[in-house]
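with the sequence up front, the predicted model follows.
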Amino acid sequence: MDKIALAAGALYVIVLLRAGGTFAVGWLAGAGARRSRFAARTSSAKFRRAERAIQRWGAPVVAVSFLTVGFQTAANFLAGSMRMPLSRYLPALFVGGAAWALIYATAGLGILKGLGRLFAEQTAFGVAGVVAILLAAGGVVVYRRRRAAAVPSSVGDQAR
């Protein structure tokens with residue numbers, strides 16, 4: 001239990017700094033980011049989806065975004081660029097960050113412990129497990145890149 005508490009505490013500090021920093025960058029960038037060389041990134045489908053969700057639901061979107069992969073950075077940046085008041089953002093950050101830290105601490109340590117046991121007892125299966133995880137992760141990356149390349153960029157279409 002001590003390992004989980006230590007890991008969760010460390011991850012909580014990390015997520016508060018990372019997400020809070022992303023919010024701060026968004027706050028400082030404000031509308032200027034939409035007119036800069038970063039305009040293509042801030043007008044991507046992921047950012048537009050996050051912006052619509054934040055406009056509609058506000059702070060709960062920021063809290064729930066910590067349970068997703070990839071959406072949380074967009075949500076925190078856009079919450080900052082939309083100048084969400086700190087009195088609404090900070091509770092969402094604390095709750096969402098705590099959930100993220102607990103999930104990653106428990107699941108992460110469980111996976112590491114399981115892989116360690118597998119390597120110690122049956123090395124071949126451990127190697128096969130790691131290879132399978134790496135192949136699956138690589139497959140996801142390739143799939144997402146191909147899917148993104150197949151969708152025409154709306155930024156270039158708007159300029160015409």
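Perfect, thanks for sending it.

every contact and neighbour count from this point should use C-alpha atoms.
OK.

how far does stretch 54-69 sit from the chain's center?
Taking C-alpha atoms, centre = their mean, to the nearest Å, the mean C-alpha location of stretch 54-69 is offset from the chain mean by 11 Å.

averaged pLDDT, it. What do you get?
The average pLDDT for stretch 54-69 rounds to 84.

pull out the buried residues from it.
For stretch 54-69, the neighbour count (16 or more other C-alpha atoms under 10 Å) marks 54, 58-67 as buried.

who does the biggest helix by length in the chain touch, helix- and strand-wise?
Secondary structure assigned by DSSP state H gives helix 86-121 as the longest helix of the chain. The contact analysis (3 or more C-alpha pairs under 8 Å, 6 or more residues apart in numbering; DSSP states H and E) places helix 86-121 against helix 2-29, helix 59-65, helix 123-150.

by how many degrees do that helix and helix 2-29 diverge?
Here the directions of helix 86-121 and helix 2-29 differ by 140 degrees (axes from the mean of the first three to the mean of the last three C-alpha atoms, to 10 degrees).

pLDDT on helix 86-121, on average?
Per-residue scores along helix 86-121 average to 89.

cool, stretch 21-38 as well?
77.

if we can go back for a sec, what is the nearest of the buried residues of stretch 54-69 to Val142?
Leu67 (22.9 Å; C-alpha to C-alpha).

mind listing what that closest one touches?
Contact analysis of Leu67 by C-alpha atoms under 8 Å, 6 or more residues apart in numbering lists 96, 99-100.
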